[in-house]
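[1] here is a sequence with its predicted model. Questions after.
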Amino acid sequence: MYILGVDGGGTKTKAFLFHKTKGFLWETEAEASNPHSTSYTHSTKVVSQIIDKAYASNHLSENADLSLGLGIAGLGRKEDQRKWLECFQETSSYGHSLNEIVIENDGAIALYSETYGEDGIVSICGTGAVTLGIHQTKTDRVGGWGHVIGGDPGSGYDLGSQALIAVFNQLDGLGPKTALTNLILNGEGLHQIEELIPIIYQHFEKQRVAAFAKYVFQAVDLEDDIAIKITQKAAKQIANRGKILFERLFQTMERDVPFILAGGIFQNDFIVKKVKDELTLTPSLKVLKSQNSPVIGSIVLVLKQQGYSPEEIKKMLINRGKEVQ
Ligand SMILES: Nc1ncnc2c1ncn2[C@@H]1O[C@H](COP(=O)(O)OP(=O)(O)OP(=O)(O)O)[C@@H](O)[C@H]1O
C-alpha cells in the first residue's frame, strides 16, 4: 500500500512516496500549487504531474494501491478542499482511480509531521506567519492574514521590516544607534542606507523584505539591544497566539498540548528559546522545534484517516529512509 504525500506551497511543491513496509521510496519537487496564488486548475495539474512522475520512477506498478495525502497552502476551509477535489476529479486521469485522497492545509501537515497525527498547535513563521490549532474535529487559527493586515508578527517579513525601520530611525535621529545599520550596509554591499529605498520599493516583494530577517539574528549575536528587543517582541507575539489557541481549543484538556514551531525563522535558536521563556507560565503547552519535513505530515494524514494511532504512525515512519526523528 503506497502513499504519495504532497506539501503544496506558494513557491514550490514537494512530494514523498511511502510504502507501509518498504518505507520511503522516492521524492520530487515541482512548482507552486497554492490554488489562490496560482489557480485550482494549475494546482491539480501540478499534483497530477507529480503522480505521473511517481509512476515513471518505477517505484509504482500500474495497478499499485495508491493513496494521496495533500497539505496545500490556502486550503484551510472545507469548501476550498471540496472545490480542489472536484477540480482534480474533472481534470486529472487519477481523479477517480486512487484509493484515498485526504486534503488539508499546509499548517495541518506542519503540525502532524511532528506529532504523527496527535492534536496540537503549530506556529509557522516563514515569509509570512500563521498559528493553527487542531483539536478533534475543530480547527482554529490566529493571524496569517498577510503582511498588509497586522504584518504577520514573528514572520520573516515582520522581522525584516522591523530591522529596516530601526536603521531608518537611526538615520533620521528618531531612534538609537544599532548594529543593524552596518550589518545591512555590509551585507547588501551598500554605501548609504538610502540606497535601500529602490531595492525595497522598485519591485516590491515581501520575500525581499523577509530576507532582511537574517540581519536581526546577526545583530542579536552582537548583543545589539534593538535586535534583541525586536526578537523578544516577536517571540512574545508568537507565544501569545499559541496561548490564545490553547484557551480556545484545549482549555479542558488534562494532558500536555504540543506547540510546534515550524518555518525558516525557527532555524534560529535564540527566538525558539525566547518563545519557550514566554511560555514558562503555561506549562501545559510543550514547545517543540520542528525537525521533520512537512511532507511527512501529508503521509500522516492518510495513515490517520485509515485509523492508525499517533504511536503506530510514529513507529511506521521513523528510521524508514527519511530524516524523521
Ligand atoms: N538560518 C535561519 N535563521 C533564521 N531565519 C532564517 C534562516 N534561514 C532562513 N530564515 C528566514 O526564514 C524565512 C523563510 O522561511 P521559509 O522558507 O519557511 O518561508 P516560505 O516557505 O518562503 O514562506 P511561507 O511559509 O510564509 O510561505 C525568511 O524570512 C528567512 O529570512
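    Looks like it arrived, so ask away. Please read all numbers here as calculations on a predicted model, not as lab measurements. Residues are numbered from 1 along each chain as shown.

[2] OK, contacts around Ala239?
    Val275, Glu278, Leu279, Thr282 (Cβ atoms under 8 Å, 6 or more residues apart in numbering). (Glycine included, C-beta is placed from N, CA and C.)

[3] now Ala73
    Gly8, Gly9, Gly10, Ser33, Asn34, His36, Ser37, Asn105, Asp106.

[4] pLDDT at it, what is it?
    For Ala73, the model assigns a pLDDT of 90.

[5] swap in Glu323?
    On the pLDDT scale, Glu323 gets 63.

[6] near the ligand, which residues of the stretch 101-250 of the chain show up?
    For the stretch 101-250 of the chain, the contact set with the ligand under Cβ under 6 Å from any ligand atom comprises Ile124, Gly126, Thr127, Gly128, Gly156, Ala210, Ala211, Ala213, Lys214, Phe217.

[7] out of the residues you listed, name the ones that lie in strands.
    Ile124 (DSSP state E).

[8] if we only consider the residues of the stretch 101-250 of the chain next to the ligand, which is nearest to Gln267?
    Phe217 (9.0 Å; Cβ to Cβ).

[9] if I read this right, that closest one contacts Asn268, doesn't it?
    Yes: here Phe217 lies in contact with Asn268, judged by Cβ atoms under 8 Å, at a distance of 4.7 Å.

[10] next one: Glu254 from the ligand, what distance?
    33 Å (Cβ to the nearest ligand atom, to the nearest Å).

[11] just the pLDDT for that residue.
    82.

[12] show me what contacts it?
    Neighbours of Glu254 in contact, by Cβ under 8 Å, 6+ apart: none.

[13] which residue ranges form the helices in this protein?
    40-56, 78-91, 106-115, 156-172, 179-188, 196-201, 206-210, 213-221, 225-250, 269-278, 294-305, 310-317 (DSSP state H).

[14] wait, Phe18 touches Tyr2, no?
    Yes: Phe18 lies in contact with Tyr2 (Cβ under 8 Å); the separation is 7.1 Å.

[15] neighbour count winner among those two?
    Comparing Phe18 with Tyr2 by other Cβ atoms under 10 Å, the one with more neighbours is Phe18, at 28 against 22.

[16] in the protein, where is pLDDT below threshold?
    323-325 (pLDDT under 70).

[17] count of neighbours near the closest residue to Leu68 other than its chain neighbours?
    On the basis of Cβ to Cβ, 6 or more residues apart in numbering, the spatially nearest residue to Leu68 that is not a chain neighbour turns out to be Ile101, at 4.6 Å. The number of residues packed near Ile101 is 22, by other Cβ under 10 Å.
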